[in-house]
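Visitor: Give me coordinates for this.
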Amino acid sequence: MSNNLVKEPVLAALFVDFDNIFISLEQQSKEIANQFATNPDKWLSWLEHSIQQSPERRILVRRCYLNPQSFADFRPYFIRSAFEVVDCPPLTARGKTSTDIHLVMDVLDTLNHSTHFTEFIIFSGDSDFTPVLLRLRKHNRHTVVLTAGYYVSPAYKSACDYVISSDEFIRDGLGIGYQDEDEEPSTPVPPSLRASKALLEKMAKRIYEAALLPQGIEASELPKIYSEFPEFKQSAQWLGYQSLRSLTEAIVSTRNDLLTITGDDPWRVSRHYEKQDNTDTNARQAIAGWIQSIVSESPAPVTMASLAGGVSQRFGPEIRNSNWLGAQTFKGLLNELDLGELKLLATIPGYVYDPKRHGSQGTLQIADQPGATSPLTAPAGPFSVKHPNLAPLAWKINQLTDTPYLPPEHYSVVLNEIAREINENRNYQWTRTSKTVRDRCVEKGVPLARSEVNFLLTGLYYSGYQLGKEIPVDVAKLAAKLIENTITLCRNAQFQLSEGDIKLIQAWIIPGSDNELML
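Guide: Down below sits the predicted model:
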C-alpha cells in the first residue's frame, strides 16, 4: 500500500437562487448573465476543481430555484448539467416567489441526509439566508456563498466561511474576465521613436532601488519615478510605448532581477529574489522610510494603531502575519526600526512623533483624535495626513459598505475618467470602461484596483444613473448620484449618519480638478 495520503474530495451541496444571481449579473452585463445561465458546466467545473486552495469537491446535490414565468428558457441548460430545477412561480401581485422557503427547507433536509455533506454552497446575495448559514456553522459545516449583488450585508458575509465575489466569479468561474488586459496598442509607435536602451537601463536601475520588498512597487507609483527623468517629462506617449504597462515591460526586460507581476490588481513590479536572506532587512528599511514620511508630514503625532493599519495596507498583511517581522508586536517592531529623529510616546494609545514638527515630549500637544483606540481608526497614510477630519469617517464607511477608501482628489480623477471614457466612445461597455478607467487612473498616480472601479460603476447603476444613455456625461451628476448611493449603503448597513457626516460625505466625493495628479 502506498504511504502517500490521498485527500478525500469534499462532499458538497449546491443551492442556486437563479433569479437573484441572474438579475444581479445582468445589471452589470447581459453577456455575463447569459454565460452564467447557458453554460453552468463551466462554472461547475471551476467550483469542483479550482476554487480556493482546498481539496477537490464533489457537488452531489445540485438544486436550482427559478421563476418559470421569467426564466423558463434557461431550464434546459441546468437540467443538462444534472441540476434538479425547482419551479418557484410568483405567489403575490408584486412577484414574490417561494424560492427562499424552498431553499431553506432543502438545506435543512440535506443537513440531516445520510450522506454527511461537509460543505454547503449557496448562490444568492439575499441576506435573509443569514440564519441558515449560522445554523450550518453550529453543525460544523463549511459554507461558501456567491454574492453577485452590489451590496451584501456584513453579517451575511461574516456568517459564511468563504465569499465568492462577483469579480472572482466572472473572471475565474465564467472565464469572461478581462480578455483585453494584454492587448497591444492599436497603432504601435515605430521603434525609432522609442526610448533608447541606455535610458531604459537607467530607469530600470531606479525602479530596482525603489522596489525594496518582495511585493515590489505598485503601478500607480511608477509615473512619479519616471518623471525624475527629463527625457520622460519631455516626451509624449510614454516614451513611444503608448502606455504605462508597455513602457514598464520594456524597462523590466533590460534586467534579469526585475519582474512584472500581472496577477495583482493593479499590477506591480518586484525584484526577483533568488534568495530570501535579505527580505526582512529590505522590509524594515522600506517600512521605516514610509513611517518617517507619514509622521513628518502629519500635523500631529500619529497613533501606533493608525500606523500599524497603514503598514498592513501599504505593505500587505504578510507583515502583520509574520508577527511584525518577528518582533511579536507593532510597538516591538517600532523599537527595532531605524526611525531617524522620530520618537515614541508611551501615553495611551501610543504615538510616534517628530520633535522638530510636534515639539519635545515635555511640551507635546496630543491632537484630539476621537476613537483613537477604535478598531475602525483610519490607517495612517496620505489620506489621513491630508484629510484628518474626513479619513476616520471614510474608513468606517469602507469597512461597513466596501465603498473604496480613496481621498477626494482621487475620487475626482476617477469620476472625470469615467465621464471621459464614455464620452469618447459615445457608449458604455462595462468591461471596456472599467479597464480603461483603471488604467488611466493608475497612469495618473492613483492606486486604483479594477474591482473598485466596478464597485463605483455598479453603484451608479443602482442609484438610477443610466451610464451610456446620457451623453455627454455630467461629472457633477455622477458625483451627486454616488453621494446618494453612499448614504443609502450606510443606512442599509445600519450606520446612522448625522448631518455633519453627510456634509463630510459630500466633501469626500466631489468633482474637481485633478491637475495636481497630472505629470
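
Visitor: which other residues reach the helix or strand of the chain with the lowest mean pLDDT?
Guide: Using mean pLDDT, DSSP states H and E, strand 258-261 stands out as the lowest-scoring helix or strand of the chain, at a mean of 75. Residues from elsewhere that reach strand 258-261, judged by CB atoms under 8 Å, 6 or more residues apart in numbering: 204, 207-208, 211, 215-216, 248-249, 251-252, 267-272. In this view, the C-beta of every residue, glycine as well, is placed from N, C-alpha and C.

Visitor: tell me which of those is nearest to Leu103?
Guide: Trp267 (39.4 Å; CB to CB).

Visitor: burial count for that closest one?
Guide: Per other CB atoms under 10 Å, the neighbour tally for Trp267 reads 20.

Visitor: Spatially nearest residue to Gln292, not counting backbone neighbours?
Guide: Spatial nearest neighbour of Gln292, excluding adjacent residues (CB to CB, 6 or more residues apart in numbering): Gly340 at 5.7 Å.

Visitor: Quick one: classify the one you found as helix, strand or coil.
Guide: Using DSSP: H, G, I helix; E, B strand; the rest coil, the structure places Gly340 in coil.

Visitor: Phi first, then psi, for it.
Guide: phi 60, psi -130 (degrees, to the nearest 10).

Visitor: Backbone dihedrals for Glu119, please?
Guide: phi -140, psi 140.

Visitor: check which helix or strand covers the residue nearest the centre of the chain.
Guide: For the chain, the residue nearest the mean C-alpha position is Ser451 (5.1 Å; CA atoms, centre = their mean). Taking DSSP states H and E as the definition, Ser451 sits inside helix 450-462.

Visitor: now do Val163
Guide: With elements taken from DSSP H and E, the one containing Val163 is strand 162-165.

Visitor: Would you list the strands that that strand pairs with, along with their directions?
Guide: Sheet pairing here is set by DSSP bridges, and for strand 162-165 it gives strand 142-147 (parallel).

Visitor: what ranges do the strands span in the protein?
Guide: Remark: strands assigned in the chain by DSSP state E are 10-17, 57-66, 84-87, 119-123, 142-147, 162-165, 217-218, 258-261, 268-271, 302-303, 343-345, 351-353.

Visitor: ranking these by mean pLDDT, which is last?
Guide: Sorting the strands of the chain by mean pLDDT places strand 258-261 lowest, at a mean of 75.

Visitor: Just the buried positions in it, please.
Guide: Using 16 or more other CB atoms under 10 Å as the burial criterion, the residues of strand 258-261 that qualify are 258-260.

Visitor: Partner strands of the least confident helix or strand of the chain and their direction?
Guide: Applying DSSP bridges to the sheet, strand 258-261 is found paired with strand 268-271 (antiparallel).

Visitor: Going by neighbour count, which residues of the partner strand are buried?
Guide: So, applying 16+ other CB under 10 Å, buried residues of strand 268-271: 268-271.

Visitor: and of those, the nearest to Val473?
Guide: Arg268 (30.5 Å).

Visitor: Next up, the contacts around the residue nearest to Pro40 when sequence neighbours are not counted.
Guide: Once flanking residues are discounted, Pro40 sits nearest to Ser81: 4.3 Å by CB to CB, 6+ apart. Going by CB under 8 Å, 6+ apart, Ser81 touches 40-41, 44, 62.

Visitor: And the pLDDT for Ser81?
Guide: 93.
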